[in-house]
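Enquirer: Sequence plus predicted model, see below.
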2 protein chains.
Amino acid sequence: MKQVSVELGNRSYPIYIGGGLMQIAADFIGDRLTGQTLVVTNTVVEQLYLEKLLAGLSGSHAETLVIEDGERHKTVDTMNKIITRLLEKQFSRTCTLIALGGGVIGDLTGFAAACYQRGVSYIQVPTTLLAQVDSAVGGKTAVNHRLGKNMIGAFHQPAAVISDTDTLASLPPREFRAGVAEIIKYGLINDAPFFRWLEENIDGLLQREPACLIHAIEVSCQNKAKVVARDERESGLRAILNLGHTFGHALETALNYETWLHGEAVAAGISMAAHLSVKTTGFAPADANRINALLEKAGLPVSLPKAVQREQLRELMSVDKKTQRGQLHLVLLREIGKAVITPEFSEADLAETLAYYST
Amino acid sequence: MKQVSVELGNRSYPIYIGGGLMQIAADFIGDRLTGQTLVVTNTVVEQLYLEKLLAGLSGSHAETLVIEDGERHKTVDTMNKIITRLLEKQFSRTCTLIALGGGVIGDLTGFAAACYQRGVSYIQVPTTLLAQVDSAVGGKTAVNHRLGKNMIGAFHQPAAVISDTDTLASLPPREFRAGVAEIIKYGLINDAPFFRWLEENIDGLLQREPACLIHAIEVSCQNKAKVVARDERESGLRAILNLGHTFGHALETALNYETWLHGEAVAAGISMAAHLSVKTTGFAPADANRINALLEKAGLPVSLPKAVQREQLRELMSVDKKTQRGQLHLVLLREIGKAVITPEFSEADLAETLAYYST
């Protein structure tokens, strides 16, 4: 088992990474479950892992709430359902929520924990690759609004993250690859050696070789923890974790969160950010090609669905959270392993990028 | 003009108290309004003060959103309306919300600011006595759930509070008196000399003599700021500000937030807490009588409406946020100026108190 720590003073917490962890969850978090406990999961994950987790909590009585699967349920209404259950069961401020599932479950449960009685404790038990390397780590919680993704939320750190890599065996290939997009992102923004490691080990990773998997998750979490420790509430640096996300979120909204998975939209967004970087920061075209090659090798999209209109994308990009005083900021690459957050790009170059990608 | 500071490190902020402040609001907060600004108010306050405030912001362009008046609109749905407006107008993270109104507007606007893009800036411009002495200060924001008051919320400090005491002239007498209940509370929990001052000056305060008013608001804010600075997120001490509120919230919920104002429910709750204190902490019966006398002199209720059932009250009290591991904690008085938070009271004494007050 590997352990990564997110260092945030009295809000620091451990991330446990390894196989078979769910069965022994009580070893890690048993002492945190002395109050009331609610496990939130979805209809798919329930079938696969709920029993296993409850057994792993050995003895701690836990309520469970099963919600519908899918990003379109990541709404204020679903968050309110969690709150209603907590109130019906008279949960107090000393309760703990456990998010068992992917990014949607983690974001919803984390946001409910942030708001219930102005903040209660929660634990992430991510069951997708994307959640294990990204969304379960760092305390960003949110729900979507019809006018924009993750627009209603809170910074609320979990008390612990338990990433049982056994859960990844059951992950559909598309979802697995969506997680790989975020892993590639860490190499690009922060860690050139890791990007090279990925170029060399992408086959093993896609074949889900345990050693490859655990290494990729550990290094991703280390990279994310480092950034979050320096800028918990995204007043600056943390925004580099959003490489590909401004394009990606606009894409997801344009596609009504239905056609593409988040990681797929991010992959196309990374490709677009690399393209615009070539025009803007002097990023080497050869490196943009390396990025596209790795994304394609990972089975991720580097072009857009035909239905997407570039005018709509540009419009949707302007509600991005990195907009400051009307000026959109984008995460661009100077080189592999070095990202910058900048308002300094030309509208013409952005328009060309959108035109290049939307046929 | 008086100024009180809430000392919270890099989240510290000033409270400005005095007459005619709204007209010169830009002097206090002009430099904070360089981004987009949204003023949130209700249909009643709009008629009275919106124009005045907008003039006082001299030059800073501000959007406005007017919502229905009343506690029953303090819901997730109304909060979502504020978010929708922010998204429609493409407000970015550097925007500022201004809450112009009483506690409902402040709580709603503050919670929307806490959640929009995971947190944006907001300013309180309270127009009721209750908001000026209590709800606008200290960063507690929330909305109600049908199963409990203020159950969904966040700790999110405002950037400034502007308490224009001129607004109190237009306040209906019942609402004014409801604010006096919270003022009396500060004397009881923390400040015996202030309680004596209130006994001597209650007539002047009720007649809204400017000097009395400003003094009462200033001392109330000082008392609250002191407690909040020591325990921002209510991990302990801050709960003493809830004297009378466990009874009061249960009453409000039982009455469906309709019959009584919050301050009226708190007044009856304070009387009940004093009664239970006599049985529990050795609080002097003579001092309980002084409290009832002062509350009655202020025109506040010290008994319950006939419709309220004691069994229902007891049931509603158990969802109180001060419940820890199934054990209800109450704020009780040892003496005037000295409150304690304690689970040490007998169910029989609590039952007797509820029976004594519900006829």
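Expert: Happy to help now that I have it. Residues are numbered from 1 along each chain as shown, chains lettered A, B, ... in the order given.

Enquirer: quick one, helices of the stretch 1-150 of chain A?
Expert: A:25-29, A:43-45, A:51-56, A:76-88, A:103-115, A:129-130 (DSSP state H, counting those that start in this stretch).

Enquirer: which other helices and strands contact the first one?
Expert: Contacts of helix A:25-29 with other secondary structure elements, assessed using 3 or more Cβ pairs under 8 Å, 6 or more residues apart in numbering or on different chains; DSSP states H and E, are made with helix A:51-56, strand A:160-164. C-beta coordinates here come from the backbone N, C-alpha and C atoms, glycine included.

Enquirer: Would you mind identifying the next helix or strand past the last one?
Expert: If you walk from strand A:160-164 toward the C-terminus, the next helix or strand you reach (DSSP states H and E) is helix A:173-190.

Enquirer: Between the helices and strands packed on helix A:25-29, which one is closest to chain B.
Expert: Proximity to chain B (Cβ to the nearest Cβ) singles out strand A:160-164 among the helices and strands packed on helix A:25-29, at 19.1 Å.

Enquirer: got the contact list for the residue nearest the centre of chain A?
Expert: In chain A, the residue lying closest to the centroid (Cα atoms, centre = their mean) is A:Ser135, at 2.9 Å. Residues touching A:Ser135, when contacts are defined by Cβ atoms under 8 Å, 6 or more residues apart in numbering or on different chains, comprise A:Gly102, A:Gly103, A:Gly106, A:Asp107, A:Pro126.

Enquirer: and these as CSV, adding pLDDT, neighbour count and distance to A:Ile15?
Expert: CSV is the format used below for those (pLDDT from 0 to 100; neighbours: other Cβ atoms under 10 Å in any protein chain shown; distance: Cβ to Cβ, whole Å):
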residue, pLDDT, neighbour count, distance to A:Ile15
A:Gly102, 95, 30, 16
A:Gly103, 94, 24, 15
A:Gly106, 98, 29, 13
A:Asp107, 98, 25, 17
A:Pro126, 98, 29, 10
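
Enquirer: List, one by one, the residues from chain A near chain B.
Expert: If contact is defined as Cβ under 8 Å from any Cβ of the partner chain, the residues of chain A in contact with chain B are A:34-35, A:76, A:80, A:83-84, A:87-88, A:90, A:92-94, A:114-119, A:140, A:142, A:145, A:147-148, A:151-155, A:233-234, A:318-319, A:321-326.

Enquirer: tell me which residues of whichever helix in chain A runs longest are tucked away?
Expert: Selection of the longest helix in chain A by residue count, based on DSSP state H, yields helix A:210-230. Residues of helix A:210-230 classed as buried by neighbour count (16 or more other Cβ atoms under 10 Å in any protein chain shown): A:212-229.

Enquirer: Please tell me how far A:Glu51 sits from B:Arg238.
Expert: Counting by Cβ to Cβ, to the nearest Å, the gap from A:Glu51 to B:Arg238 is 41 Å.

Enquirer: who's more crowded, the two?
Expert: Under the neighbour definition other Cβ atoms under 10 Å in any protein chain shown, A:Glu51 and B:Arg238 were set side by side, and B:Arg238 has more, 20 against 10.

Enquirer: Three-state assignment for A:Gly299, please.
Expert: Judged by DSSP: H, G, I helix; E, B strand; the rest coil, the three-state class of A:Gly299 is coil.

Enquirer: mind checking pLDDT for it?
Expert: What the model reports as pLDDT for A:Gly299 is 97.

Enquirer: Excluding covalently adjacent residues, which one is nearest to it?
Expert: A:Arg177 (4.7 Å; Cβ to Cβ, 6 or more residues apart in numbering or on different chains).

Enquirer: thought the one you found was touching A:Gly263?
Expert: Yes. Using Cβ atoms under 8 Å, A:Arg177 is in contact with A:Gly263, at 7.0 Å.

Enquirer: give me every residue that touches the closest residue in space to A:Ser220 that isn't next to it in sequence.
Expert: On the basis of Cβ to Cβ, 6+ apart, the spatially nearest residue to A:Ser220 that is not a chain neighbour turns out to be A:Val133, at 3.9 Å. Under the criterion of Cβ under 8 Å, 6+ apart, the contact list for A:Val133 reads A:Gly179, A:Glu182, A:Ile183, A:Tyr186, A:Ala216, A:Ile217, A:Ser220, A:Cys221, A:Lys224.

Enquirer: can you check A:Leu97 too?
Expert: Shown here is A:Leu97, whose contacts under the criterion Cβ under 8 Å, 6+ apart are A:37-40, A:82, A:109, A:112-113, A:116, A:120-123.

Enquirer: export these to a markdown table and tack on pLDDT?
Expert: Shown next, in a markdown table, are those (pLDDT from 0 to 100):
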| residue | pLDDT |
| --- | --- |
| A:Thr37 | 96 |
| A:Leu38 | 97 |
| A:Val39 | 98 |
| A:Val40 | 98 |
| A:Ile82 | 98 |
| A:Thr109 | 98 |
| A:Ala112 | 98 |
| A:Ala113 | 98 |
| A:Tyr116 | 98 |
| A:Val120 | 97 |
| A:Ser121 | 97 |
| A:Tyr122 | 98 |
| A:Ile123 | 98 |
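
Enquirer: okay, those residues in CSV with neighbour count next?
Expert: Supplementary listing: the contacts of A:Leu97 in CSV, determined by neighbours: other Cβ atoms under 10 Å in any protein chain shown:
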residue, neighbour count
A:Thr37, 21
A:Leu38, 24
A:Val39, 24
A:Val40, 27
A:Ile82, 21
A:Thr109, 29
A:Ala112, 29
A:Ala113, 28
A:Tyr116, 26
A:Val120, 23
A:Ser121, 21
A:Tyr122, 27
A:Ile123, 26
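
Enquirer: Just give me the closest of these to chain B.
Expert: A:Tyr116 (6.9 Å).

Enquirer: Who does that closest one form a beta bridge with?
Expert: Here A:Tyr116 sits in beta bridges with B:Ile152, going by DSSP bridges.

Enquirer: How about A:Ile123?
Expert: Using DSSP bridges, the bridge partners assigned to A:Ile123 are A:Ile98, A:Ala160.
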